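A.B. asks: Let me see the structure of the following:
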Amino acid sequence: MALRVTALAGGVGGAKLVDGLAAVLPPGNLTVVVNTGDDFDHLGLRICPDLDTVLYTLGGIANPTTGWGRDHESWNFMASVKAMQGADWFQLGDKDVALHVLRTQALRQGMTLSQFVQRVSHSLGIRVPVLPMTDDPVPTVVETEEGDLPFQTYFVARRCEPKVKGFRFEGASHARPAPGVLDSLTRADLVLFCPSNPWVSLDPILAIPGIRQAIASRTVVGVSPIVGGRAIKGPAAKMFRELGLKAEAIAVAEHFKGLVDGFVIDRQDQAQAEDIQKMGIQTLVTGTVMHDGAARASLAEDVLNLAGTLLEMETTP
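C.D. replies: From the prediction side, this is the model:
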């Protein structure tokens, strides 16, 4: 029987693995819970970068080069903003703007974020339920040596240059999981931590009340976003180093110790597998760099096989 999977995702790596899972799992067996800590307002529009990356990827319209944004994009809107000395530090493509305009309009008219995501998923032909972690605002704040910075200011405007000291997710303690999130977690055979930034993609999801409790009795597998001491995308490795930790797959496993039953690392990090095993975490070494659709599906199959092994171990006397 195919596993029921709920994947926690953020960023390009998360979107790619979700796409691989969608390719190998039967319809109805996958749900995606997406980080919304990156969400912010820009040029009067509500921007949801991680949600949009997942939607564009599952809809088959993501930019294949960057992994984020739309394919075959044009930039006339931003050129006009720049010409009029507007804030052009966060790039919005012409096709991309349509989504932000419609979302902003829908939210102002009283629609929830999760309702809007459902509407967009339908229009893009996406059959996988995509759920924001919450409909409440929970902005990620990056605590740096230069002071507290909104995530997108740190990530895009400042290009991750300020040295990180910590993170907080404002409003998380009072936020409620979006409709369907807790149900998908408690019904899942496997909860998957995608190869997303632990600090700013997965921790915000886990900070929402009820989510950690919901996965406590589930089989949980994580996939390392650190390969060979580097992050495939984004500043995760830099964050680990600045927080006094080694930028290694084992550091990611340590970060989620007590939550994950299994962990997937790349062949480049095979030497760390034994030490991760000693933490009581079943470890799989495989290829985790997803260059194309075949690699996404292959990694998804490997994750599901590891989960199957873990579930079998749980039922064996």
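A.B. asks: Direction included, what does the worst-scoring helix or strand of the chain on mean pLDDT pair up with?
C.D. replies: Least confident helix or strand, the chain: strand 230-231 with a mean of 92, by mean pLDDT, DSSP states H and E. Note on strand 230-231: by DSSP bridges, its sheet partners are strand 226-227 (antiparallel).
A.B. asks: Show the average pLDDT along the strand it pairs with.
C.D. replies: Confidence over strand 226-227, taken as the mean pLDDT, stands at 96.
A.B. asks: repeat for stretch 50-68
C.D. replies: Stretch 50-68 comes out at a mean pLDDT of 95.
A.B. asks: Stretch 74-83 too?
C.D. replies: Stretch 74-83 carries an average pLDDT of 96.
A.B. asks: Which parts of that stretch count as buried, going by neighbours?
C.D. replies: 77-78, 81 (16 or more other Cβ atoms under 10 Å). (Glycine included, C-beta is placed from N, CA and C.)
A.B. asks: Give me the contacts around it.
C.D. replies: Here stretch 74-83 makes contact (Cβ atoms under 8 Å, 6 or more residues apart in numbering) with 43, 87-88, 91-95, 97.
A.B. asks: quick one: the helix or strand Leu182 falls within to chain centroid distance?
C.D. replies: Per DSSP states H and E, Leu182 falls inside helix 181-187. Distance, stretch centre to chain centre, for helix 181-187: 17 Å (Cα atoms, centre = their mean, to the nearest Å).
A.B. asks: can you pull the buried residues of the next helix or strand after that helix?
C.D. replies: Sequence-wise, the next helix or strand downstream of helix 181-187 (DSSP H and E) is strand 190-193. Going by neighbour count (16+ other Cβ under 10 Å), the buried part of strand 190-193 is 190-193.
A.B. asks: Serialize the residues you listed to a markdown table and add fields for distance to Asp136.
C.D. replies: Putting the buried residues of strand 190-193 into a markdown table (distance: Cβ to Cβ, whole Å) gives the following:
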| residue | distance to Asp136 |
| --- | --- |
| Leu190 | 27 |
| Val191 | 22 |
| Leu192 | 24 |
| Phe193 | 22 |
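A.B. asks: between these, which is closest to Thr112?
C.D. replies: Val191 (23.6 Å; Cβ to Cβ).
A.B. asks: Could you list which residues are in contact with the closest one?
C.D. replies: Contacts of Val191 (Cβ under 8 Å, 6+ apart): 5-8, 185, 215, 218-221.
A.B. asks: what's the answer for Ala294, then?
C.D. replies: With contacts defined as Cβ under 8 Å, 6+ apart, Ala294 has no neighbours.
A.B. asks: The stretch 201-317 of the chain: strands as residue ranges?
C.D. replies: 219-223, 226-227, 230-231, 262-266, 282-286 (DSSP state E, counting those that start in this stretch).
A.B. asks: Show me what counts as buried in the last one.
C.D. replies: Using 16+ other Cβ under 10 Å as the test for burial, strand 282-286 gives 282-286.
A.B. asks: Show me what it is packed up against.
C.D. replies: strand 262-266, helix 273-277, helix 293-315 (3 or more Cβ pairs under 8 Å, 6 or more residues apart in numbering; DSSP states H and E).
A.B. asks: now, among the buried residues of stretch 74-83, which is nearest to Asn197?
C.D. replies: Met78 (25.6 Å).
A.B. asks: Distance from the chain centre to the helix or strand where that closest one lies, please.
C.D. replies: Here Met78 sits within helix 76-83, counting by DSSP H and E. In terms of Cα atoms, centre = their mean, the centre of helix 76-83 is set 30 Å apart from its chain centre.
A.B. asks: Next: stretch 226-241.
C.D. replies: The mean C-alpha position of stretch 226-241 is separated from the chain mean by 15 Å, Cα atoms, centre = their mean.
A.B. asks: okay if I get the buried residues of strand 282-286 as a markdown table plus distance to Glu170 and pLDDT?
C.D. replies: Formatted as a markdown table, the buried residues of strand 282-286 follow (distance: Cβ to Cβ, whole Å; pLDDT from 0 to 100):
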| residue | distance to Glu170 | pLDDT |
| --- | --- | --- |
| Gln282 | 35 | 97 |
| Thr283 | 35 | 97 |
| Leu284 | 36 | 98 |
| Val285 | 38 | 98 |
| Thr286 | 37 | 98 |
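A.B. asks: For the residues you listed, give me CSV that also has distance to His72.
C.D. replies: As requested, those are arranged in CSV below (distance: Cβ to Cβ, whole Å):
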residue, distance to His72
Gln282, 42
Thr283, 40
Leu284, 37
Val285, 37
Thr286, 33
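A.B. asks: Was I right to think Arg231 contacts Pro198?
C.D. replies: You called it Arg, but residue 231 is Ala. No - with contact defined as Cβ atoms under 8 Å, Ala231 and Pro198 do not form a contacting pair (10.3 Å).
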